[in-house]
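Colleague: what follows is a predicted structure for the sequence shown.
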Protein chains: 2
Amino acid sequence: LSEKYESLDYEIIDNELYRTEETSSDHQKQLFRLSLNRWVVCFLIGIVTGVVAAFIDILVYYSAQVKFHVVLNNLINICDKSKLKESGCAWVVLSAWAIYNCILVGIGAALVLFVSPVAAGSGIPQIKCFLNGVQIPGVVRLKTLFAKAIGVSCSVAGGLAAGKEGPMIHSGAVIAAGISQGRCLTFPIDFNVFRYFRNDREKRDFVSAGAAAGVAAAFGAPIGGVLFSLEEGASFWNQASTWRMFFSAMISSFTVSSLLSVFYGQSGMLSWNGLANFGVFENNSYNIWEIPFFLLIGVLGGVFGAFFNYLNVHLTKFRKHYVRTTFQKFFECILVAVTSAFVGFITLFLVDDCQPMGVDPNLTEATKLWCPKGKYSAVANLFFQNPEESVKSLFHSPFNAFHPTTLLIFAVEYFLLTLWTFGLNVSSGVFIPTLLTGAAWGRLVGVMAERMFPSLTGIDPGKYALAGAAAQLGGVARMTISLTAIIVEATKDITFGLPIMLVLMITKFVGDLFNEGLYDSHIEIAEIPFLDWNAPKLCRNILAKKIMRRDVVALEPIENVSRLVDILLTTRHHGFPIVDRISEPSPGSLFPNYGHLKGLLLRSQLFVILRKRHFTHDYDGRHPVEGAKPVALSDFSDSYPRYEVPISRLNLSTTDLKCYVDLRPFLHQSPHRVPLNASLGSIFTLFRGLGLRFLCAVDDENRLRGFITRKDIARFK
Amino acid sequence: LSEKYESLDYEIIDNELYRTEETSSDHQKQLFRLSLNRWVVCFLIGIVTGVVAAFIDILVYYSAQVKFHVVLNNLINICDKSKLKESGCAWVVLSAWAIYNCILVGIGAALVLFVSPVAAGSGIPQIKCFLNGVQIPGVVRLKTLFAKAIGVSCSVAGGLAAGKEGPMIHSGAVIAAGISQGRCLTFPIDFNVFRYFRNDREKRDFVSAGAAAGVAAAFGAPIGGVLFSLEEGASFWNQASTWRMFFSAMISSFTVSSLLSVFYGQSGMLSWNGLANFGVFENNSYNIWEIPFFLLIGVLGGVFGAFFNYLNVHLTKFRKHYVRTTFQKFFECILVAVTSAFVGFITLFLVDDCQPMGVDPNLTEATKLWCPKGKYSAVANLFFQNPEESVKSLFHSPFNAFHPTTLLIFAVEYFLLTLWTFGLNVSSGVFIPTLLTGAAWGRLVGVMAERMFPSLTGIDPGKYALAGAAAQLGGVARMTISLTAIIVEATKDITFGLPIMLVLMITKFVGDLFNEGLYDSHIEIAEIPFLDWNAPKLCRNILAKKIMRRDVVALEPIENVSRLVDILLTTRHHGFPIVDRISEPSPGSLFPNYGHLKGLLLRSQLFVILRKRHFTHDYDGRHPVEGAKPVALSDFSDSYPRYEVPISRLNLSTTDLKCYVDLRPFLHQSPHRVPLNASLGSIFTLFRGLGLRFLCAVDDENRLRGFITRKDIARFK
Ligand SMILES: Nc1ncnc2c1ncn2[C@@H]1O[C@H](COP(=O)(O)OP(=O)(O)OP(=O)(O)O)[C@@H](O)[C@H]1O
Ligand SMILES: Nc1ncnc2c1ncn2[C@@H]1O[C@H](COP(=O)(O)OP(=O)(O)OP(=O)(O)O)[C@@H](O)[C@H]1O
Ligand SMILES: [Mg+2]
Ligand SMILES: [Mg+2]
């Protein structure tokens, strides 16, 4: 496992300070203010996430306008007028198109490479890890949001096989973290609000609300958003916090749909839209004999999804080895942009799928391109639109709007493009491209079914497209409950929920036979200490004494400053057990003899204490040094999350180093402990169920014998 | 807290037997079989729950047929023919109607009083407790299902203000428990299947799936069902088990809608219906200026709901004191049945709301009663229909289908009837009657809004009825996320989700200012040791040493049989800590000196061990007694859940009593322990997060000092 990632502290530090806080007279009032402010923060998260989503959408809209009207149509007109030869004209258009795309993708790539590397990709694996309890450096910083929001607009507008939905989830999470902390580290602004939310525990809860708000904004799916946050992250189900998550999600989808309805000139229409609007099925009934087809689609989705993951994992490993320099990374992005542009045009020339204008009544502004008069190009309709619009056409176009060959070629090409795009150093989601791929082959299955069984009437290929989309996404992401809810909400159609569920179920089952979900694979490749839902299969006979580290760096309740400084300088551990006495190793043993377990202290606390110079000259604590300041609970939240400072900056004199620190008021009084013969299974349950970071292993007399961290557990698969 | 209720064992007993099981060669295969069988069981739960739901629905349908055709219409015809005086005829009809109702309600009451008292009411509080970790005696027995299913059909058909939806949830839970155990205790049948699911842990997981299936069957709301189970019960969110819950829910709603579509002669139509079918809104948009009205409805719902709960709690307390004998209870049921019948008729005579036949196009078979030709009685349409049908008319009838006076009177009367009915000794749910009350006053609000602001066009009172229904139910039950999902799914309409959420949010907020939800109040009245979501507010300075019991009954690893027998005879404790040595109290102490904590043993395990006569003549365990049998892991699941037998039935001779038992292979090796200064907050988190039943309090040297059970924690509010 990589050393880059540290865990989050989810546990409450139950020390004397924390206990005396309760005895203060306005404690009840403060609790009330806290719970009220949680709602305020969730409200703001919803609003801001909605605004950011609308902003991204509008950016993409304008750049698409530029692209289609200025670049494409104008050029074609000019070409037509100047009577260039057809192929020559095509080349001009193609080049302009490709250059435009490259510029946008270049900006997106630059943002990722130079501003915030963690903004690459969809951000879902990172958020998953964060909710699981792992701090990914920089994942919830403001600059990441900036790189993400602008970057994803660029990559979508730049014609990559990318969606803006996954990144919305990450954006929501950043917004949540930012608002709940009331300040920003990128620019040193501190609003001095919500200071009591400055700890990992609260932040993590808000981030799950932010992720839910992100999903809600992306798909107009508040229930789906909540389920997403729960399925992908939370290990606890707490009614109150879930309800707040729901609130954020609802506000955010309300905000985004209000803003977009104003922008698109239909203000007041409060129907329920996110960024991805899949339209409404006119007729949503299905027949029992269609179920086998859906099952087939499920199986196909599982296989294709697993294949996608397999290839993408290998591609990612390849990239890790061979695409290392910034230049190489940048170049790869541009290469993909050019390829994506070319693929569309080449298909346009190869497949001659011109459909008469009237076939699809939904099409208002169809792309004629080089089709004869009165016809439009079905291929262009797939390739040169917004991906969301393409999904919509696949769902709702009438039966013969697309030629089967078009569908097949499109599905294959888009599959490959998506494959190549995911993992690139640009912000880009995999949801929409996957849905689009699936919709294409799903529709193909529908058309085929109709041709093979002409006696079956009433097959609507749009529904098969929907099932295919769900299947492909399910096969790739292996999400289940949340995906069902998202699709049901995004299509605003509950009747069709059952087949969707069936499809997703089969898909997950089939996919799991081959490999893990895409996000999980990426988490594994990144060597992040992620804790799964359940303990590893064979866990009953792996005992604590085998898991634990024996060379524990422990502290005594009253410690010498120089020893503390020494420990901080020489170790990178984030938690230190406190024992009543540490004595010389007994003969034959390598490790010191630790006394009885008394508590636990975090590295971050040590820094705060040292900075406050909470020292005394004598061991008994009667003679404080000059300038010693009392340490209050708020000091810990004030220096969150950047506790660590170079020791030299603490200005500790040699007399200081000889002083003592009484750690007792700060230590967590009842750290969790297990006997040496506890099994991995029960230890895992403890870590997962309580969100632990550290666990002490003690012997029969409660003497410390070892130390177990989250990472020590995550090692077992 | 009442002594009647014991806790469930959710923790895995991590003992030697359990550990050696893993080393067996076919362990992997067995794990696979286990996980496969979980799916099979969930599938069966879904099917059977669906069938039971359909069965109840069909029963109610037929008895309604009998009632309306045979009793009502025939009698009216006969009256008309025999030219009785009008009032006389009315009396004949009324009496026949009331008698018919009384007979049915009498049957329902008898089932509850004589077969299964726990089948009374909706069963939701009981299931909530079960999922929370409390065993309510008899709650998942087959006879309860029987009493519930027949009983609820009787009470609904008997014209009580009762719904069949709440009881469906209970039924689903019983079905789940029954199927997962593969046997039945009411009739001693043992199918010898799924024997490894015979423990509290698995049972509880299946019961949550069953509850979800029940909701899904009742409202056609699988997502709502899953959310219900999570919101009301589960403290853990586990992806795999949630996904299985979802599967059960989906299968059950599929089954019930298939069966009912066949029964009602529309087979093949697989749309998504449960028992409560609220119809589809034709036009589901709303305007931004309607939001304040919805907020108003939310506030009203909170107030009315809190008022309902207040009154019902007092009624329940009154009942607890004054309605005690079986006869009194039976008589009260009959009284309510008669009153319910009368109320309808009286309203019919008082309010003269006859509407022309064409007003409501949905009405195919309207009740004319004593209205003039070409008109139908709107009052009768509310009172004498299935409650579900009445809800539907309130939602979908055109603007002037009901006179405001009718709505007002109906809302008040139904409010009172529901109030009186809930808590009666019949199976009856509170969902539908509450929805109906709310729909009536919600519709009234809509009509009023239209009258007061005639400039506002486009008010559809049906939507206000929906909002009112949600508000009233939300105010009573204080459910939030799950209720939103249920209503959205039951109306098959996502667009309307936002206002519903808003309404429910306000409702819960307003209601919580006054009192708790109805179910929680009933749980409190019953003195059930229910653990809330969060620790009590002031919990940081209540320490383990204050919570724990000091007079622990503990065991040594090798015990004398006579001591074990003695303990089983003299105590009712269900768990015993094991310490390495118990010695005489030190001077000045009241309690023995317990040694170091070694493990934990359950009462149930002791019984199995004694029954197997796993004794040795000597302390060292070298000379087993004749007839001593080895104890295997399966012995514990085989005697589940009835471990306890009278000690005399164990046939222990006096030599037996002098023998020793080695308890070490059976004891849980790493029971959870906390130091004496652990705070209630952290102890609560442990119990809630891990589903604990017992916790040991140890001193600094790991010597046992006290014992804490779930009940000790639940005492703190
Ligand atoms: N106080 C300590 N004394 C000795 N070993 C420790 C101590 N803390 C952690 N370790 C060990 O160091 C190794 C790396 O630890 P890890 O990075 O997980 O610890 P951490 O940085 O303190 O916590 P985390 O990374 O979870 O934030 C692990 O094997 C762990 O057991
Ligand atoms: N082994 C024991 N020794 C002493 N006191 C005990 C023991 N077990 C339980 N108690 C105490 O008995 C009281 C009633 O216990 P309770 O009914 O909760 O225990 P139980 O029946 O063993 O568990 P449960 O009711 O949760 O199934 C509590 O105060 C508890 O602390
Ligand atoms: Mg580390
Ligand atoms: Mg008890």
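Modeller: The structure has been received and is ready for your questions. Ligands and ions are numbered 1, 2, ... in the order given.

Colleague: where does chain A have low pLDDT?
Modeller: A:82-87, A:185-186, A:234-237, A:266-273, A:284, A:357-373 (pLDDT under 70).

Colleague: just say helix, strand or coil for the nearest residue to A:Q28 once chain neighbours are set aside.
Modeller: Of all residues not flanking A:Q28 in the chain, B:K537 sits nearest, at 7.4 Å (C-beta to C-beta, 6 or more residues apart in numbering or on different chains). C-beta here means a position set from N, CA and C on the backbone, and glycine is covered the same way. On the three-state scheme (DSSP: H, G, I helix; E, B strand; the rest coil), B:K537 is labelled coil.

Colleague: hmm, B:K537 is touching A:Q30, no?
Modeller: No: with contact defined as C-beta atoms under 8 Å, B:K537 does not count as touching A:Q30 (11.3 Å).

Colleague: quick one: common contacting residues for the two?
Modeller: Common neighbours of B:K537 and A:Q30 are not found (criterion: C-beta atoms under 8 Å, 6 or more residues apart in numbering or on different chains).

Colleague: burial measure for A:L513, as a count.
Modeller: For A:L513, the neighbour count with other C-beta atoms under 10 Å in any protein chain shown is 10.

Colleague: A:P585 now?
Modeller: With other C-beta under 10 Å as criterion, A:P585 counts 10.

Colleague: so who does A:S562 touch?
Modeller: A:657-658.

Colleague: and for A:E231?
Modeller: A:479-482, B:239, B:242.

Colleague: so where does it fall, helix or strand?
Modeller: helix A:222-232 (DSSP states H and E).

Colleague: next one: that helix to chain centre, how far?
Modeller: Relative to its chain's centre, helix A:222-232 lies at 12 Å (C-alpha atoms, centre = their mean, to the nearest Å).

Colleague: for the stretch 601-717 of chain A, which segments count as helices?
Modeller: Counting by DSSP state H, counting those that start in this stretch, the stretch 601-717 of chain A has these helices, from start to end: A:603-611, A:633-638, A:654-657, A:680-690, A:710-714.

Colleague: compare these and give me the one nearest A:F453.
Modeller: helix A:680-690 (48.7 Å; C-beta to C-beta).

Colleague: nearest to ligand 1: which residue in the stretch 101-250 of chain A?
Modeller: A:Q135 (7.6 Å; C-beta to the nearest ligand atom).

Colleague: how long is stretch A:1-17 end to end?
Modeller: 35 Å (C-alpha to C-alpha, to the nearest Å).

Colleague: measure the residue nearest in space to the middle of chain A to ligand 2 for me?
Modeller: Nearest to the mean C-alpha position of chain A, by C-alpha atoms, centre = their mean, lies A:I124 at 2.2 Å. For A:I124, the distance to ligand 2 equals 42 Å [C-beta to the nearest ligand atom, to the nearest Å].

Colleague: swap in A:A54?
Modeller: 53 Å.

Colleague: can I assume that residue is in contact with A:L259?
Modeller: Yes: look at A:A54 against A:L259 with C-beta under 8 Å: they come within range, at 3.8 Å.

Colleague: these two: which has the busier surroundings?
Modeller: Neighbours were counted for A:A54 and for A:L259 using other C-beta under 10 Å; A:A54 has more, 21 against 18.

Colleague: what secondary structure does that one sit in?
Modeller: Quick answer, by three-state DSSP: A:A54 is helix.

Colleague: in contact with it, which residues?
Modeller: A:255-256, A:259-260, A:263 are the contacts of A:A54 under C-beta under 8 Å, 6+ apart.

Colleague: and those, which are buried?
Modeller: The neighbour count (16 or more other C-beta atoms under 10 Å in any protein chain shown) marks A:255-256, A:259-260 as buried among the contacts of A:A54.

Colleague: CSV for those, including secondary structure?
Modeller: Shown next, in CSV, are the buried ones among the contacts of A:A54 (three-state DSSP):
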residue, secondary structure
A:T255, helix
A:V256, helix
A:L259, helix
A:L260, helix
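
Colleague: so A:R38 is in contact with A:W243, correct?
Modeller: No: contact criterion C-beta under 8 Å: A:R38 and A:W243 do not qualify, at 10.5 Å.

Colleague: these two: which is more packed in?
Modeller: Neighbour count, other C-beta under 10 Å: between A:R38 and A:W243, A:R38 has more, with 21 against 18.

Colleague: perfect, I'm done here.
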